[in-house]
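Q: Can you look at this prediction? I've put the sequence above it.
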Amino acid sequence: MTRPLLSGALSLLLLASPAAGQAHYFPPPGNAWEHRLPGTVGMDPDRLAQAVAFAQAGEIEWTRDMAAQIARNVASEPYPEILGPVRDWAGTNGIILRHGFIVAEWGDTRRVDMTFSVAKSYLALLAGVALGRGLVRDLDDPVRGYALDDG
């Protein structure tokens, strides 16, 4: 299984709706989300453990010093200067939800880390939501027509 497939599989876990007859659970604000054993929410514990092990084994070989890592990554770019704050990387972490319940968690999931390219996925999702809500009229429209900053 490749990383994109695993990401897609984990995303599907997040989007799955409760089984017939199950009450909906909405986690409260803060850190009081409930944990459930995989089997109690219709997941195969062994397959979930395999997915978690796969994710943990896929940690990239980067230094924890993000300023140094970014400098290496963009050294040949035309404008390699770092423009914003940089925080050292904590390492691989993850959380898997099923029907709002935490069924697997590893690493420091409460820590804010730099996300880099995953931001494109978030942006694509938000663009789809904006289109669906009529905030964007057409995907071929220039972005400048929607700018709110006179820029």
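A: Nice, I can see it. For clarity, every value in this text was computed on a predicted model and none was experimentally measured. Residues are numbered from 1 along each chain as shown.

Q: Residue ranges in this protein under the pLDDT threshold?
A: For the chain, the stretches with pLDDT under 70 are 1-22, 150-151.

Q: all helices for it, in order.
A: Along the chain, counting by DSSP state H, helices occupy 3-15, 45-57, 66-73, 118-132.

Q: For those, give me a markdown table that also has distance to A104.
A: For glycine as for every other residue, the C-beta is placed from the backbone atoms N, C-alpha and C. Formatted as a markdown table, the helices of the chain follow (distance: least, CB to CB, whole Å):
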| stretch | distance to A104 |
| --- | --- |
| helix 3-15 | 9 |
| helix 45-57 | 5 |
| helix 66-73 | 26 |
| helix 118-132 | 19 |
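
Q: I'd like these as a markdown table, with mean neighbour count appended.
A: Below are those laid out as a markdown table (neighbours: other CB atoms under 10 Å):
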| stretch | mean neighbour count |
| --- | --- |
| helix 3-15 | 12 |
| helix 45-57 | 14 |
| helix 66-73 | 15 |
| helix 118-132 | 11 |
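
Q: between those, which one is nearest to I96?
A: helix 3-15 (5.8 Å; CB to CB).

Q: what's the spatially most central residue of the chain in contact with, if anything?
A: For the chain, the residue sitting closest to the mean C-alpha position, by CA atoms, centre = their mean, is V118 at 6.9 Å. With contact set as CB atoms under 8 Å, 6 or more residues apart in numbering, V118 has no partners.

Q: Can you tell me how far it is from V136?
A: The gap separating V118 from V136 is 22 Å, by CB to CB, to the nearest Å.

Q: Neighbours of G94, how many?
A: 14 (other CB atoms under 10 Å).

Q: ok, it - contacts?
A: L10, V52, A55, A104, E105, W106, G107, T109.

Q: Just want to check the distance between it and V136.
A: For G94 relative to V136 (CB to CB), the value is 31 Å.

Q: ok, now A32?
A: A32 is 36 Å from V136, by CB to CB.
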